[in-house]
Each structure stands twice: as structure tokens, then as C-alpha cells.
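Asks: no sequence for this one, just the structure:
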């Protein structure tokens, strides 16, 4: 009987909308719902840009399309991928997310970390300027962490959810 109760409870929890227990009551992405943020991201950006893991949705954008080389200065024309992602995040106002800025392993680690943190600061300002509330997200410069797996400069936008 206890096992049946736990299974029913798990089904109820998975089918409902989840919230983070904090003062802002920000919603975590619920991927068991048909018309959800994951589906919208796939529809807009494509499968090669959006990854669903056990605990988050990760959008990957090549930061060479956003920033000038070896600089934290934004390019004059910002990637449509970033702007399309911003538009989706505006529609799903209750979701919080993290923005992680990675660099390649070329050059000194301390310089790469500095550039990625400056890029994170600039990107945070860009997101806020585009009407995303600062309380919804944080931007972190990661330097060349994970550069042995990914050799590119990249931006990862992570949207947490309670998975299936």
C-alpha cells in the first residue's frame, strides 16, 4: 500500500507545475507539459542548440557570434539565437535561469577567466536592457572550465526543472 501511495504521489508531483520555494515564487521549467518552454526553444532554435538533462534545459550559443574576439565588447549585430532566446524567456516570465560564459583553452587561464567574467557582466546588462528582470537570472564567467570537452567560446543558458 505504501508503494502504491508513493507512486501516485510521484505521478501527481510530475504532472503539476513546480515552484522554487523562495520569496519570488519563481517557476522551474516543467517538461511534462505539452506547451512548455522546452518545446518552444526546440521550435525556435533547433535540437542542436537545446539540450535537456536530468535537471535542466541548456541552450548553447557560440559566443563568437556575440562578442568581439578576445574582448568583452558586444558585436554590433547580436546573434538572432540570443535575441530569439531572450524573446522566449520574456514570454515565460516565471522561469529563472543561469547564464554561464565559457572561453576556449587558448591563452592563459587567468586572462580567460577575466574575459569570461567581463563578458558575463556585459551580457547581464544586455539581458536587463532587454526587459529581463535581474532577479530572474545570474551571469557567471567560467573561464576555460570544461574546455577539454568543448573547444569553443560559448554561452550556456541553464533553466532548471524537476525532471521526469
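Replies: Structure received. Quick caveat: nothing in here was measured; it's all calculated off a predicted structure. Numbering: from 1, shown residues only.

Asks: quick one: low-confidence parts of this structure?
Replies: Along the chain, segments meeting pLDDT under 70 span 1-35, 147-151, 162-164.

Asks: in it, which spans are helices?
Replies: For the chain, the helices defined by DSSP state H occupy 2-15, 37-45, 80-91, 109-129.

Asks: and the second one, which residues are buried?
Replies: Right, helix 37-45. With burial defined by 16 or more other Cβ atoms under 10 Å, the residues of helix 37-45 counted as buried are 37-38, 40-41, 44-45. No exception for glycine: its C-beta is placed from N, CA and C like everyone else's.

Asks: ok so, going back, same list as before, the helices of the chain that is, but in TSV and with distance to residue 153 included.
Replies: Output for these, formatted as TSV (distance: least, Cβ to Cβ, whole Å):
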stretch	distance to residue 153
helix 2-15	37
helix 37-45	18
helix 80-91	13
helix 109-129	8
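
Asks: quick one, which of those helices is nearest to residue 141?
Replies: helix 109-129 (3.0 Å; Cβ to Cβ).

Asks: Can you give me the buried ones in that closest one?
Replies: Applying a neighbour-count criterion of 16+ other Cβ under 10 Å, the buried positions in helix 109-129 are 112-113, 115-120, 122-124, 126-127.

Asks: now what about it, what contacts it?
Replies: Contact partners of helix 109-129, identified using Cβ atoms under 8 Å, 6 or more residues apart in numbering, comprise 63, 66-67, 70-74, 78, 86, 99, 101-106, 134, 137-144, 155.

Asks: Select only the buried ones of those in ChimeraX?
Replies: Typed into ChimeraX, the next command selects the buried ones out of the contacts of helix 109-129 (criterion: 16+ other Cβ under 10 Å):
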select :63,66,67,72,74,86,99,101,102,103,137,139,140,141,142,143,144,155
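
Asks: Okay, and which of the contacts of helix 109-129 map to strands?
Replies: 99, 101-102, 137-143, 155 (DSSP state E).

Asks: Tell me which two of the residues you listed sit farthest apart.
Replies: Among the ones in strands among the contacts of helix 109-129, 137 and 143 lie farthest apart (Cβ to Cβ), at 19.5 Å.

Asks: Show me the beta-bridge partners of residue 52.
Replies: Beta-bridge partners for residue 52, by DSSP bridges, are residue 57.
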